[in-house]
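J.: Just need the structure, nothing else, for what follows:
(3 chains)
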Amino acid sequence: MSDSDLRKETILAAANNLRWEVGDNLHDTLMESIYENATSIANKVVEYPDKKQAFSLDRTLDKVLTSRYLGFPIMFMILAVVFWITIVGANYPSVFISSILVDSLHPMLKNFTNSFMPWWLSGLLIDGAYLAMAWVVSVMLPPMAIFFPVYTLLEDFGYLPRVAFNMDPLYKKVGAHGRQALTMAMGFGCNAAGVVATRVIDSPRERLIAIITNNFSLCNGRWPTQILIATIFIGAAAPAYLAGIASAAAVVFVAVLGITFSLIVSWGLSKTLLKGEASAFSLELPPYRPPRLLQTLYTSLIDRTIFVLWRAVVFALPAGMVIWLIANVTIEGNSLANHFINWANPAAFIFGLNGVIILAYIIAIPANEIVIPTVLMLTVANLGLNNLGSGSGVMFELDSVADTAQILHAGGWTLLTGINLMLFSLLHNPCSTTIYTIYKETKSVKWTVISTFLPIILGLTVTFFVTQLWRIFS
Amino acid sequence: MNEPIILLIIGIIIILILVFLFYPGKGIIARVKRSKNASKKILIEDALKYLYNCEYNQVVCSLNGVAGNLSISADDATDIISKLESLGLVDAKKNELVLTPDGRSYALRIIRVHRLWEKYLADETSISENEWHKKAEEIEHMLTPEQANLLAAQIGNPVFDPHGDPIPSENGELPIKKGKLLTEMQPGEFANIIHIEDEPYAIYSQIIAEGLYPGMQIRMIAVSDKRIKFVANGEECVLSPLIAKNITVGIKKLEKKISENYKTLSSLKVGEQGTILGIAKSLRGQQRRRLMDLGIVPGTKIEAELESVTGDPVAYRVRGTTVALRKQQADRIYLEG
Amino acid sequence: MNSLELNNCANCPVHNMGNLKKLGIDMSSFDFVVALAGNPNTGKSTVFNYLTGLRQHTGNWPGKTVTRAEGGFEYNSKRFKLVDLPGTYSLLSTSTDEEVARDFILFGQPDVTVIVADATRLERNLNLVLQILEITNRAVLCLNLMDEARRNGIKVEDRTLSKELGIPVVVASARQGEGMAELINMIFEVASGKYICKPYRIKSNSSELNDAIEKLSKEIEKEFPGLPNLRWVALRLLEGDQSIIDAIRSGNLGNLKKQELVGIENA
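T.: Residues are numbered from 1 along each chain as shown, chains lettered A, B, ... in the order given. Model prediction:
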């Protein structure tokens, strides 16, 4: 060791000795000193109003939003209104965009490329990649363009911390952190964003719980699946005049079920793998700030929406090609997709699902958004229905929900299949972006694997029991 | 028609089997894990630790002491000691067992891991206080020195464990023992608890149950052979000398007047105001730092502002900001009475 | 676009706005590094967006900005690189975000550290301000959210505050763009050495703490003479900060002083 190294070690040893001498209170003493200084400066320069009336608007609002009787009802109302605006508002632009991208542009592109490309190349590019992208844009863009700005307005206003404040007892009971409510709320937009948001949780144990359970917030990529399936199966099961309300209620039910599962799983983790009691919770409730409408619309539309959409498109392009390939490459007269579906069908039956759904969820690992188009395409290909849609290996959007229903019924789908798909859509592995984000945030293969497989196991368990009970009682 | 019923039964059976296998603490896996623990390496390390403790507390250590402490037979203890001797870790002189320098640094390494782990559990996790020692007893035999250093760096290289014991440094240094036993105090003296012995467990849990913790300020009232009476955080506390012997205190020069009248922050009703007196030591680590970061330090005015839907947490106004705290924390923040 | 240095009204906001060229993420070369620190939810991101022309999302809940963002702007034909640090209440804890912020201000040695503080809760924010002033002696305080302070009838004497802290204080409400021109100008003044800061240093009544810091400072000074933030280093060592321990072992700590001098020469 050189002299200099020795001197350095002397410094460190001196520090250690001083720390032993001073004892455990150093940090406390220091903080007290800093705040004494801060107070004396603040006293010189800040002048507060004589009366507290200035805060009355914030206070009154807080009194209402956190009141014993109105707090939760208002919260659910706001949640329901946000979803309602999204569901209702997204429908029309969705139809419009798909009629342009799919109905008009697709045949044009197809004709154009067919003129100079071999059939398989134009099939791969146009029927595979392009259509996958077109479908994702038409299904994803409208709800996102509505959901994100509305959500951002709530966020900017300062409502989310109040939600965490109200929900805290629930999280405390299951051994989780109150701010998990905040990260769950972010997860409703995008699970990857929700996982990153868990950085606001200090305790590593509770942060892991929040990361693992974030997937139980239905993310943006899964809303369309829920809405469509609920409309086809739940809405249809109800009397016509109640169809809309019944399907909306079903979606809200699944979302609430997700929150319930996140609480149950948090509780389970607190008792087993991540043992411990709820630790501290300190959350600053910021003052309400009037959101600036135009700016919010602009930033959330440009930054968030386009960002998430871009990601979806990037994943949809290769996925579309994969779908086209497995539906068109044949072995012994049967496509790869058919081989898999027929092979997976018996096992899937036990869980009230089918081979098509299983395959769709494997293909859709990169992005949940493409589950429904994949399901439809594979069903058509599997049944050899050529009078509907665009034929083998082509992903498409059908003009009406009725057509979709017709295909699914032809594929042997029942109300049970629909319910199980909704449940499985809630409880399955996170998309690949989220998995990668979890790995980046936890830097642990173990926790990434757990967060990936725990929801699948849970999903299969739930669908299994629902299926058996359904079959026994029907 | 019967198939779903069979499947349902199979499903339930599988779940029951899994529960049976993996149930934490009571399942088969947990049992198997535990039975593996009684290996020889662990006995050797525990013996070293015991010998070191004797040395630190300046008591003579015998073979019987080792046997008693590790709850093994005298024969087994002889076995362990001869093993330690052959490894060059212990010198056996007549009735006295003395650590060699190698033995001492080995023991310190184990103690370092043990105390670091207790500190980690206390500060960073929410494992209950009763389990710290038990868990650290397991982990101390598993962590390498490098892992211990990483852990230390991550939690801010602590120098004291949550019981007030010094944590040996990387190079195996420890400060000289300070303070005196609670039983040695004079009536009228003020002191700080600097250490609570965590073994034997039965006595430790009694002390914890009294709400005593390192850093707490106490004032002695009466000392006798039968009982020790003192005031801690404004409440009178009576212990038998047998228990009080496990508490070490440092006599306090009176820098600040110790106030004995206090109430908890959670006792404030919405709209009421108070001045913060202190934060209980049982709020530790990151939790404690966060509270102080938010401006909750002695001398600060604080007002209960808002209850949440269920009445817990409560939002408090402090230094111009509104901060929500759970009742379990507010219970441990003291206000001037 | 540039060369407004000739302008005799260099402090006029109207003229200075013209000087500001928003560079977005382009930072191929720059003359000064500016760190942006502050409590969570004080409008730090808004200030960042305003200065750089970028659009980081800003939400109204603490802890929104979780990653370190970088951007740049140009003023008086000097190029500034702006680094948005995670919002923290303090720099004394072991959490990752505080580590990032603390290490950047200490080891990254920004030419200026802009501290964004919430005018409505200044006392709490001063905690962080005072800590930062222990580390660096080139800082500007941006007293943000003044519109809200006014709405609530809170008055802040910015001149007295500036005298107390020994650094420039700019009154602002970034959402409306108020005070941003002055802020840019003050950043320039401090970066170029026209404004010499005399930062406030924390005084403690605890003899125990003062003695420990003094003893350790002496030890450190033997090996690393002329360290600009000796007291802070000693303090962090007393709190067991691993990055300081590493910096002492590797000798990196000695570089802090040199770079400080280079910074002044630059200007």
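J.: what about the strands in the stretch 251-400 of chain A?
T.: A:282-284, A:330-331, A:334-335 (DSSP state E, counting those that start in this stretch).
J.: same check, this time on the stretch 101-250 of chain C
T.: When assigned using DSSP E, counting those that start in this stretch, the strands of the stretch 101-250 of chain C occupy the ranges C:112-118, C:139-144, C:155-156, C:169-171.
J.: Just send these back as a markdown table, with mean pLDDT, mean neighbour count and distance to chain B too.
T.: Just so you know, the C-beta spots here come from the backbone N, C-alpha and C atoms, and that holds for glycine as well. Listed next are the strands of the stretch 101-250 of chain C as a markdown table, based on pLDDT from 0 to 100; neighbours: other C-beta atoms under 10 Å in any protein chain shown; distance: least, C-beta to the nearest C-beta, whole Å:
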| stretch | mean pLDDT | mean neighbour count | distance to chain B |
| --- | --- | --- | --- |
| strand C:112-118 | 95 | 28 | 8 |
| strand C:139-144 | 95 | 27 | 14 |
| strand C:155-156 | 92 | 17 | 11 |
| strand C:169-171 | 96 | 22 | 17 |
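J.: looking at these, which is closest to chain A?
T.: Relative to chain A, the nearest member of the strands of the stretch 101-250 of chain C by C-beta to the nearest C-beta is strand C:155-156, separated by 4.1 Å.
J.: returning to that earlier point: the strands of the stretch 251-400 of chain A: which one's closest to residue A:137?
T.: Closest of those to residue A:137 is strand A:334-335, at 26.7 Å (criterion: C-beta to C-beta).
J.: what's around residue 220, how many residues?
T.: Since you didn't name a chain, this refers to chain A. 26 (other C-beta atoms under 10 Å in any protein chain shown).
J.: Not quite, go with chain C.
T.: Residue C:220: 23 neighbours (other C-beta under 10 Å).
J.: same deal with residue A:413?
T.: Residues lying near residue A:413 (other C-beta under 10 Å) number 23.
J.: Now it, what are its backbone angles?
T.: Backbone torsions of residue A:413, given as degrees, to the nearest 10, read phi -80, psi 140.
J.: Find the nearest non-adjacent residue to the residue of chain B found nearest chain C, please.
T.: With C-beta to the nearest C-beta as the measure, residue B:157 is the residue of chain B nearest to chain C, at 3.1 Å. Nearest residue to residue B:157 in three dimensions, chain neighbours excluded: residue C:240, at 3.1 Å (C-beta to C-beta, 6 or more residues apart in numbering or on different chains).
J.: need the strands of the stretch 101-250 of chain C in TSV with distance to residue A:174, can you?
T.: Formatted as TSV, the strands of the stretch 101-250 of chain C follow (distance: least, C-beta to C-beta, whole Å):
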stretch	distance to residue A:174
strand C:112-118	33
strand C:139-144	38
strand C:155-156	43
strand C:169-171	46
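J.: Can you tell me which of those strands is nearest to residue B:266?
T.: Between these, strand C:112-118 lies closest to residue B:266; by C-beta to C-beta that is 27.4 Å.
J.: ok, back up a step: state the number of residues packed around the residue nearest to residue B:157.
T.: 20.
J.: residue contacts, it?
T.: By C-beta atoms under 8 Å, 6 or more residues apart in numbering or on different chains, the residues touching residue C:240 are A:19, B:152, B:156, B:157, B:158, B:159.
J.: Quick check on the spatially closest residue to the fifth one that is not a sequence neighbour: phi, psi?
T.: Counting by C-beta to C-beta, 6+ apart, residue B:119 is the residue found nearest to residue B:158 once chain neighbours are left out, at 4.7 Å. When quoted as degrees, to the nearest 10, the phi and psi of residue B:119 stand at phi -60, psi -40.
J.: any idea how far residue B:119 lies from residue A:442?
T.: According to C-beta to C-beta, to the nearest Å, residue B:119 and residue A:442 sit 23 Å apart.
J.: Among the contacts of residue C:240, which has the minimum pLDDT value?
T.: Scanning these for pLDDT, the low point is residue B:156. It has 85.
J.: Tell me how many other residues crowd it.
T.: Neighbours around residue B:156, by other C-beta under 10 Å: 21.
J.: Over to the one 3 residues further on?
T.: Applying other C-beta under 10 Å, we find 27 residues neighbouring residue B:159.
J.: so it makes contact with residue A:17?
T.: No - counting by C-beta atoms under 8 Å, residue B:159 does not reach residue A:17; the two are 9.3 Å apart.
J.: any idea of the pLDDT on the residue lying closest to residue B:239 once chain neighbours are set aside?
T.: Spatial nearest neighbour of residue B:239, excluding adjacent residues (C-beta to C-beta, 6+ apart): residue B:228 at 5.0 Å. What the model reports as pLDDT for residue B:228 is 86.
J.: Just grab the bridge partners of residue B:228 for me.
T.: Under DSSP bridges, the beta-bridge partners of residue B:228 are residue B:223, residue B:239.
J.: Which SSE is immediately downstream of the host helix or strand of residue B:47?
T.: If you go by DSSP states H and E, residue B:47 is part of helix B:40-56. Sequence-wise, the next helix or strand downstream of helix B:40-56 (DSSP H and E) is helix B:63-70.
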